[in-house]
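Student: structure here, sequence nowhere to be found:
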């Protein structure tokens with residue numbers, strides 16, 4: 001078994017005292033080292049693979065300075081936005097001097113609860129949820145009783161930092177209204193037809209005198225659920241193309257289509273590429289994935305402001321301060 005690297009080795013390689021290394025790696029408030037020295041010590045610790053002895057710290061009631069980033073389901077990892085947000089968040093925790101676990105939770109509630117209990121036994125003190133896990137309520141109760149701070153992205157978390165999807169959707173819909181009037185549809189699944197959905201919220205704000213049922217009838221068009229057995233991107237791509245084909249058959253004079261994500265928007269746009277006479281249509285997606293940024297057909301999109309989201313999540317994840325923050329997304333109009 002490889003011998004555990006000691007703090008004294010990190011001190012030797014960094015050219016500082018053991019006590020200084022201890023203060024820096026444990027982020028002690030009483031610490032007079034320069035920022036340059038702190039960065040050097042943390043860099044050396046990373047390079048040699050130093051890890052604090054969590055067992056010792058737990059037994060002696062000391063802080064482990066550990067945080068877990070938990071992705072709600074394995075399927076979410078297939079989404080580009082989740083990968084980007086997670087990587088940036090892990091980097092930020094590292095910069096703040098925290099050790100971070102990252103894992104995907106299960107779609108089975110009992111298995112998910114067991115994974116969370118295991119993390120607590122390892123001394124995790126803070127948790128950032130990317131998506132709502134199966135069995136959210138009992139998990140939050142467990143964390144509260146264990147004095148572990150938790151934060152998530154949007155509902156149902158008491159403390160959250162969330163992208164304000166409706167603000168991005170409003171800008172996209174206004175672009176449609178300014179250019180093609182009301183002759184567009186939001187292509188979405190039945191599960192998306194909720195007053196809590198950011199795109200539906202946006203349409204309601206634009207048309208406050210309409211009921212939700214009137215908005216559904218006037219501005220939405222049904223899309224099948226993603227096909228079983230297909231990966232996220234391929235499933236939504238196929239359904240996006242198929243749904244736009246069905247919409248054009250039903251309403252051949254339609255001038256615009258908004259999709260719930262960029263994968264579906266790409267599917268719709270592929271139909272336009274194959275049929276040049278249809279390029280009069282405006283297409284909008286959501287997430288601004290890399291795959292649409294240089295696509296041959298111009299697809300407008302919005303995405304979360306990663307830098308602001310990460311700054312806020314990293315700040316509030318390691319505290320118990322109240323936090324209910326919505327972050328305005330970035331919008332990209334391509335015309």
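Tutor: Nice, I can see it. All values derive from a computational prediction rather than experimental measurement.
Student: which helix or strand contains the residue nearest to residue 73 when sequence neighbours are not counted?
Tutor: Ranked by Cβ to Cβ, 6 or more residues apart in numbering and with sequence neighbours excluded, the top spatial neighbour of residue 73 is residue 107, at 5.7 Å. Quick note: C-beta positions are derived from backbone N, CA and C, even for glycine. Following DSSP states H and E, there is no helix or strand that holds residue 107.
Student: next, residue 107: phi, psi?
Tutor: phi -80, psi 0 (degrees, to the nearest 10).
Student: distance of it relative to residue 82?
Tutor: Residue 107 is 16 Å from residue 82, where distance means Cβ to Cβ, to the nearest Å.
Student: comparing those two, which residue is more hemmed in?
Tutor: Of the pair residue 107 and residue 82, residue 82 is the one with more neighbours under other Cβ atoms under 10 Å, namely 21 against 13.
Student: got the domain ranges for this structure?
Tutor: Domain assignment for the chain by automatic domain parsing gives 7-51, 66-163+307-329, 165-303.
Student: so which of those domains comes closest to residue 335?
Tutor: domain 165-303 (6.2 Å; Cβ to Cβ).
Student: what is the neighbour count of residue 158?
Tutor: Residue 158 has 13 nearby residues by other Cβ under 10 Å.
Student: test my guess that the residue nearest to residue 73 contacts residue 135.
Tutor: No. At 10.1 Å, residue 107 does not count as touching residue 135 under the criterion of Cβ atoms under 8 Å.
Student: one step back: the domains of the chain into a markdown table, with extra columns for mean pLDDT and distance to residue 335?
Tutor: Listed next are these as a markdown table, based on pLDDT from 0 to 100; distance: least, Cβ to Cβ, whole Å:
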| stretch | mean pLDDT | distance to residue 335 |
| --- | --- | --- |
| domain 7-51 | 73 | 44 |
| domain 66-163+307-329 | 92 | 19 |
| domain 165-303 | 91 | 6 |
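Student: following the lengthiest helix in the chain, which helix or strand comes up?
Tutor: In the chain, with assignment by DSSP state H, the single longest helix is helix 232-250. For helix 232-250, the following helix or strand on the C-terminal side (DSSP H and E) is strand 256-259.
Student: show residues contacting that next one.
Tutor: 169, 172-173, 176, 179-180, 183-187, 199, 221, 240, 244, 247, 265, 268, 281-286 (Cβ atoms under 8 Å, 6 or more residues apart in numbering).
Student: same question, stretch 7-14
Tutor: Outside stretch 7-14, the residues that reach it (Cβ under 8 Å, 6+ apart) are 17-18, 20-22, 25, 37, 40-41, 44-45, 48, 50.
Student: now, which of those sits nearest residue 150?
Tutor: Closest approach between the contacts of stretch 7-14 and residue 150, by Cβ to Cβ: residue 25, at 24.5 Å.
Student: quick one: that closest one from residue 126, how far?
Tutor: Taking Cβ to Cβ, one finds residue 25 at 17 Å from residue 126.
Student: ok, those two, which is more surrounded?
Tutor: Taking other Cβ under 10 Å, residue 25 and residue 126 do not tie; residue 126 has more neighbours (24 against 20).
Student: thank you, goodbye.
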